[in-house]
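Participant: next input, structure requested:
(2 chains)
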2 protein chains.
Amino acid sequence: MVNPEIPDLPRGPLDAYRKKASFDWKEMAIFMSGEDILAFKRHLFTALEKDPIFARQPGEDLSVEKKRELTFRRCKQLFRYDFLPQEKVVQNPWMHAVFNSCLSMYDSSLMAKYMLSKGVSRDAGSLLSLSVNMQTFGCFALTELSHGSNSKAIRTTAKYDPNTQEFVINTPNIEAAKFWIGNLGKTATHVLVFAQLFTPDDHCHGLHSFIVQVRDPKTLFAMPGVMVGDMGKKLGQNGLDNGFVVFHNVRIPRENLLNRTGDVTPEGHYVTPFKDPTKRFGASLGALSTGRVSITYTALTNLKLAMTVAIRFSATRCQFGPSDDEEIPVLEYQLQQWRLIPYLSAIYALKHFCRSFFINFLDERQAELGREIHAISCSSKPLSSWTVQRGIQECREACGGHGYLAMNRLGDIRDDNDPNCTYEGDNNVLLQQTSNYLLNWVHLKHHGEQPELRAAMLMADSKALIWKLPLAAYRWLVCFLLKESYAKLTQERALRKTEFEARNNSQVYYCHSLALAFIELTVLHRFHDFTHDEDTPPSLSPVLQRLAALYGLWSLSKHMTTLYQGGYLCGKEPAELLHSAILTLCSQLKDDAVALVDVIAPPDFILNSPIGRADGELYKNLWSTVLQGCHVLERPSWWSEFCNDKPVVGSLQAKL
Amino acid sequence: MVNPEIPDLPRGPLDAYRKKASFDWKEMAIFMSGEDILAFKRHLFTALEKDPIFARQPGEDLSVEKKRELTFRRCKQLFRYDFLPQEKVVQNPWMHAVFNSCLSMYDSSLMAKYMLSKGVSRDAGSLLSLSVNMQTFGCFALTELSHGSNSKAIRTTAKYDPNTQEFVINTPNIEAAKFWIGNLGKTATHVLVFAQLFTPDDHCHGLHSFIVQVRDPKTLFAMPGVMVGDMGKKLGQNGLDNGFVVFHNVRIPRENLLNRTGDVTPEGHYVTPFKDPTKRFGASLGALSTGRVSITYTALTNLKLAMTVAIRFSATRCQFGPSDDEEIPVLEYQLQQWRLIPYLSAIYALKHFCRSFFINFLDERQAELGREIHAISCSSKPLSSWTVQRGIQECREACGGHGYLAMNRLGDIRDDNDPNCTYEGDNNVLLQQTSNYLLNWVHLKHHGEQPELRAAMLMADSKALIWKLPLAAYRWLVCFLLKESYAKLTQERALRKTEFEARNNSQVYYCHSLALAFIELTVLHRFHDFTHDEDTPPSLSPVLQRLAALYGLWSLSKHMTTLYQGGYLCGKEPAELLHSAILTLCSQLKDDAVALVDVIAPPDFILNSPIGRADGELYKNLWSTVLQGCHVLERPSWWSEFCNDKPVVGSLQAKL
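Facilitator: Model (predicted):
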């Protein structure tokens, strides 16, 4: 008997598939998440549903300004709820990721707004103690109008003036305006600014962070010397007010330098615990890797939402059939299964990866060996955000026209996920960190060193005996790409190009593919072991092992050219077998698909998609939501523009 | 000396690349489009730019209602301009596609609204003669809440009543509500309704179309028995008012049946020129294939816009470089070239395909042999809309954060293109028409017939001698997939499944891939011949031939598994050569990329993207547009929500 507190799902057209499921969805939910996490989620979701501040209107069309206001009010309410006090995070840090993910299911902007302000107050420590109850409100300002990825090149300056013991913050030109700063558009009072630190001798000591007040918390008017504003509408996440700021000789106390990586004495001398400036720079950006780990997981949230909508739609939408009188659910079509179910397997694989990696991350963050963690986080964010972005688009198309109706939410989900591919490190740039790390490992090996590589652990033989084909093929693939990339880089270097050119010219088909294959193997390996673990209940392991096999084969199928090219595969049979195995797994999993999304789906209120509701009453839900929209049946306010003043065809031809 | 009427582009940071171009962009523009078309475009674009009704505000954030109003007013203004009177279309029917494409560059919704109303009045003939000057306003109503792809199964009924010589239109249940009908949400007065025709003997004669009045043109209020309304916000194209309608015993005169495919006598007897009901059904939907041909081209418009933005951005955005002091344009990076330039080649290849195919289409529409045209249009729409959708997403990501700012328009372009994958036939469903056609050809061959297949023309040897690798490989690919698909289908049939199941189980990796490979070959073949034609000026053919080669190799690279699987390729070398050729072509084309988008770009006013302006002043344009937005530097209207009434942390915990 599973936990009676997990509410049953409403009966309806989805029952047909639910009855066919090979497992109990509640048992799976408990196994995948744990009872405490499930209880926390229920608690959180119920609170939001009951509170009118979090209510949404059917088919609402909010202006950017209104979205920002609503998100701010909701953010304030989150302070009142304080769902996750610090002591709970200390007890179970994974709870923090779960909380972010739940908030993000309700609205990504709200999650971002709340977390950014919390993050700044954590990083700024005693300098922003007032932020605890929103007396102040913070944001991080790294990127500038002309610099994002190359953050070393940012141009904002902080020059120390020993006469007043202050730093003077300046924006040298508009290209150095801080830009894209979340929370800065309308609400931030204090900014954690990354700037080039100059001592009075005009020596530049590189990037450091400073707390700068930009608005008066009593009025929200800008401080003297500060030009601060809203960047305007984005493709998504419009509840979050991204903004810009330009500094004109803004003076801040010496103590507002966050001095973890370097400090300035009252007289103006620079002191640092780091001898190597590169390491200092790395340490000052270290906090960003936490962000990447977190995005790997919150991005996945978006695919959970979209997949819930698409699978429930596909299980209830009937179209065509064996005869003109009999129509079948579109989920019964091979093509529809193949479009959706591999992404469903990716959700399960990536979800397990995130949880297990998060635990490693907490253990290793401080250690010297954290570099491997860095290499993994730099590729897991790209893998997750891209898989999710493509998966959502597939879900949108799989729901046909109804997927294009805004109220069904697939557009918002896609648009809210999109920036995950860009911020906290552009995906393509980040992948170079991973391949550089792997290539360096080979380099050290070639030079007789014995570098520690716990990724080697990933290459070790798996315990289980079955389903080993994709893992074995992936191991070969990563080794082959590593060897080829190293050779390519060596060859490019030999052409006497600069190291910069040599690296750039080894990306496509080599280092870029290597980094992706490496992280896919990592995710697959972890999920494979998890599904074959002896602690996995026998009632759940068959479906989990099918998901692992499908994720492995489907991911592998994108590298088939390399497998043939390198001679790992040859002839007609292997591709046929692989394709046939993918289709068989999709077909075996299609009767479990509804139950598999029941496990990951939030309550209907949070999902907020008529065609994705748990009762499966697709048309009733859609129809009633349409009718409850604003002015649906009314004639337009501009009706007389139609009824009177008819255009004379061609009357403006003469003016041309 | 090229035409002096083509205005020069403004000087600026893009000059560096423009000077490096291997060809004259004005010469290319004239060669690709013709002077008359260019003049028509200038005329149209200039008129829109001068007319305040078409003005746009920097960073505007319009409500759906406002977008609908503006689009309506602009549509009305288009009637006044009458840019393309019927006699001009008769002279040069391609002009019609060009006009749609130009309007679509300004705004897809406006194009759709204007064209739908024109299309209905054309199809309805004398029944809607008043629509010429908007006394009435029309729309097509085929799809219903529960049926889109399977249009045969729609349920709206039209029963003939001989006593009054009227048809009685009914919606049997909400699932049969007409849904997704463009122009119906707010403005249509008359609907061309597809309904099941019943004679008084209760015999159903299948789908026919009827003109039904739904609103009073004098007031825009609904007619008796008609429930008509607005579906609400969509992911994009929100200027177009999609709507629904439910009929309750709505009576229309007998003459309102459009009687091309069948008619009812005053006494209630059904008469039709078609003996086979399947053919009648096909003929009644024939008009929709015009739509697919048109979408193939208008979809491409979206990629032209996005690519212009992405290439100009990449040519002026500098990030990193060989040393800390020297940054280089991101277009110089191999990875950025590889992400964008193949899509640029796709624009040129698909553009040529559309123009040449459009001419075939006009010649063949009425002929019996139009089936081959049907097979091509059923795959060209999927190829174009998907290539464009993926290309736009790549452009968005290639522009980093700035690509995510709404004012730069990549989001609107993506969202406006998205439904091209769904309407006028879902892409995946349409591709089955193409593969069915090809398989039927094989079937007839196997049974000793000599079916005409002018696609065979496509398979014929190409005239040119160089760059033949991709064409030859593609010919092999299509033949291989045809053979394999036929074998797969035969095998599935032998398993004694129904024909329906056999077809469904032969889609993935077989029929679906076949249809795509077939259309890619068709597009490539036409573009290849065009670029190698002796009439192509020697000053332009090198760059055009590089584009053709890149399009061919890049498209082919997605089928490498099949090429290896079928034994066409073997070992390490072919994939290496292919990849290396793709990268070499990208690198050769990168200095031409800016000039290549200058050829396809509309004027800045139409493009409406600060980071994509022709002067290349990326940061100045972006900065000034941001500052001219609404309330940019003001505190929010809800400032006192922040400044007063601070939340007490945890105060709502007790309520939980």
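Participant: how close does the closest residue to A:Phe31 other than its chain neighbours get to chain B?
Facilitator: Spatial nearest neighbour of A:Phe31, excluding adjacent residues (C-beta to C-beta, 6 or more residues apart in numbering or on different chains): A:Leu540 at 5.8 Å. Yep, even glycine has a C-beta here, placed from its N, CA and C like the rest. A:Leu540 sits 28 Å away from chain B, going by C-beta to the nearest C-beta, to the nearest Å.
Participant: pretty sure A:Leu540 is touching A:Met28, no?
Facilitator: Yes. With contact defined as C-beta atoms under 8 Å, A:Leu540 reaches A:Met28; the gap is 5.7 Å.
Participant: of those two, which one has the most company?
Facilitator: For A:Leu540 versus A:Met28, the count of surrounding residues by other C-beta atoms under 10 Å in any protein chain shown is larger for A:Met28: 24 against 18.
Participant: which residue ranges form the strands in chain A?
Facilitator: Assigned by DSSP state E, chain A shows strands spanning A:138-141, A:157-161, A:166-170, A:178-182, A:190-198, A:204-213, A:226-230, A:242-247, A:250-253, A:257-258, A:263-264, A:270-271.
Participant: got a markdown table for those, with distance to chain B, mean neighbour count and mean pLDDT too?
Facilitator: Output for the strands of chain A, formatted as a markdown table (distance: least, C-beta to the nearest C-beta, whole Å; neighbours: other C-beta atoms under 10 Å in any protein chain shown; pLDDT from 0 to 100):
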| stretch | distance to chain B | mean neighbour count | mean pLDDT |
| --- | --- | --- | --- |
| strand A:138-141 | 13 | 27 | 94 |
| strand A:157-161 | 16 | 20 | 98 |
| strand A:166-170 | 17 | 22 | 98 |
| strand A:178-182 | 5 | 26 | 97 |
| strand A:190-198 | 12 | 24 | 97 |
| strand A:204-213 | 11 | 21 | 95 |
| strand A:226-230 | 4 | 21 | 98 |
| strand A:242-247 | 7 | 26 | 98 |
| strand A:250-253 | 16 | 17 | 98 |
| strand A:257-258 | 23 | 21 | 94 |
| strand A:263-264 | 23 | 20 | 95 |
| strand A:270-271 | 19 | 14 | 95 |
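Participant: of all those strands, which lies closest to A:Met115?
Facilitator: Nearest of those to A:Met115, taken as C-beta to C-beta: strand A:178-182 at 9.3 Å.
Participant: the closest one: how far from the chain's middle?
Facilitator: How far strand A:178-182 lies from its chain's middle: 18 Å, per C-alpha atoms, centre = their mean, to the nearest Å.
Participant: contacts only, for A:Asp412.
Facilitator: If you count contacts by C-beta atoms under 8 Å, 6 or more residues apart in numbering or on different chains, A:Asp412 has them with A:Gly236, A:Ala406.
Participant: kindly report the same for A:Asn408.
Facilitator: Contacts of A:Asn408 by C-beta under 8 Å, 6+ apart are A:Val309, A:Cys399, A:His402, A:Ser609, A:Pro610, A:Ile611, A:Gly612, A:Leu622.
Participant: flag every residue of the stretch 351-500 of chain A that's near chain B.
Facilitator: Contacts of the stretch 351-500 of chain A with chain B, taken as C-beta under 8 Å from any C-beta of the partner chain, map to A:389, A:393, A:396-397, A:400-401, A:403-407, A:410-411, A:415, A:418-419, A:421-423, A:426-428, A:498, A:500.
Participant: can you say which of these are buried?
Facilitator: Neighbour counting by 16 or more other C-beta atoms under 10 Å in any protein chain shown classes A:389, A:393, A:396-397, A:400-401, A:403-407, A:410-411, A:415, A:418-419, A:421-423, A:426-428 among those as buried.
Participant: any idea which residue sits dead centre in chain A?
Facilitator: Nearest to the mean C-alpha position of chain A, by C-alpha atoms, centre = their mean, lies A:Ala299 at 2.8 Å.
Participant: distance of that one relative to A:Ser609?
Facilitator: 19 Å (C-beta to C-beta, to the nearest Å).
Participant: also A:Arg635?
Facilitator: Distance from A:Arg635 to A:Ser609, by C-beta to C-beta: 29 Å.
Participant: contact partners for the nearest residue to A:Ser151 once chain neighbours are set aside?
Facilitator: Distances taken as C-beta to C-beta, 6+ apart place A:Leu142 nearest to A:Ser151, at 5.8 Å, with adjacent residues excluded. By C-beta under 8 Å, 6+ apart, A:Leu142 lies in contact with A:Ser151, A:Ile154, A:Lys178, A:Phe194.
Participant: which of the contacts of A:Asn408 lies closest to chain B?
Facilitator: If you rank the contacts of A:Asn408 by distance to chain B using C-beta to the nearest C-beta, A:Leu622 comes first, at 7.0 Å.
Participant: my guess is that closest one meets A:Cys399, correct?
Facilitator: No. Judged on C-beta under 8 Å, A:Leu622 makes no contact with A:Cys399 at a distance of 10.9 Å.
Participant: what sits in contact with each of these two?
Facilitator: By C-beta under 8 Å, 6+ apart, the residues touching both A:Leu622 and A:Cys399 are A:Asn408, A:Ile611.
Participant: for A:Phe320, give me phi and psi.
Facilitator: The phi and psi values for A:Phe320, taken as degrees, to the nearest 10, are phi 60, psi 180.
Participant: list the contacts of the residue nearest to A:Phe31.
Facilitator: Counting by C-beta under 8 Å, 6+ apart, the residues that A:Leu540 touches are A:Phe23, A:Glu27, A:Met28, A:Phe31.
Participant: how about CSV for those residues, with pLDDT and distance to A:Gln337 added?
Facilitator: Formatted as CSV, the contacts of A:Leu540 follow (pLDDT from 0 to 100; distance: C-beta to C-beta, whole Å):
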residue, pLDDT, distance to A:Gln337
A:Phe23, 98, 18
A:Glu27, 97, 24
A:Met28, 98, 20
A:Phe31, 97, 25
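Participant: who wins on neighbours among those?
Facilitator: That'd be A:Met28 among the contacts of A:Leu540, by other C-beta under 10 Å, with 24 neighbours.
Participant: just checking, that one touches A:Ile600?
Facilitator: No. In this structure A:Met28 lies outside contact range of A:Ile600 using C-beta under 8 Å: 9.4 Å.
Participant: that older thread, mind checking which of the strands of chain A is nearest B:Ala16?
Facilitator: Of all those, strand A:178-182 sits nearest to B:Ala16, with 24.3 Å by C-beta to C-beta.
Participant: that older thread, what about the strands of chain A, which gets the closest to B:Leu220?
Facilitator: Nearest of the strands of chain A (C-beta to C-beta): strand A:226-230, 37.3 Å.
Participant: which residues touch the closest one?
Facilitator: A:184-186, A:214-215, A:222, A:241-248, A:250, B:626-627, B:629, B:631-633.
Participant: where does the residue nearest to the centre of chain A land on pLDDT?
Facilitator: A:Ala299 carries a pLDDT value of 97.
Participant: ok, A:Ser555 next?
Facilitator: Taking A:Ser555 on its own, its pLDDT is 97.
Participant: repeat that for A:Met459.
Facilitator: In this model, A:Met459 is scored at 44, pLDDT.
Participant: what does the one 3 residues further on give?
Facilitator: If you check A:Ser462, the pLDDT there is 38.
Participant: how about the one 5 residues further on?
Facilitator: According to the per-residue confidence, A:Trp467 scores 53 in pLDDT.
Participant: and what of the one 3 residues further on?
Facilitator: A:Pro470 is assigned a pLDDT of 85 by the prediction.
Participant: can you report how many residues lie near the residue lying closest to it once chain neighbours are set aside?
Facilitator: Distances taken as C-beta to C-beta, 6+ apart put A:Gly552 closest to A:Pro470, at 3.0 Å, once the chain neighbours are dropped. By the criterion of other C-beta under 10 Å, A:Gly552 has 29 neighbours.
Participant: show me what contacts A:Gly552?
Facilitator: Applying C-beta under 8 Å, 6+ apart, the residues near A:Gly552 are A:Trp467, A:Leu469, A:Pro470, A:Leu471, A:Tyr474, A:Leu524, A:His528.
Participant: you'd agree A:Ile600 is up against A:Ala306?
Facilitator: No. Under the criterion of C-beta under 8 Å, A:Ile600 makes no contact with A:Ala306, lying 11.0 Å away.
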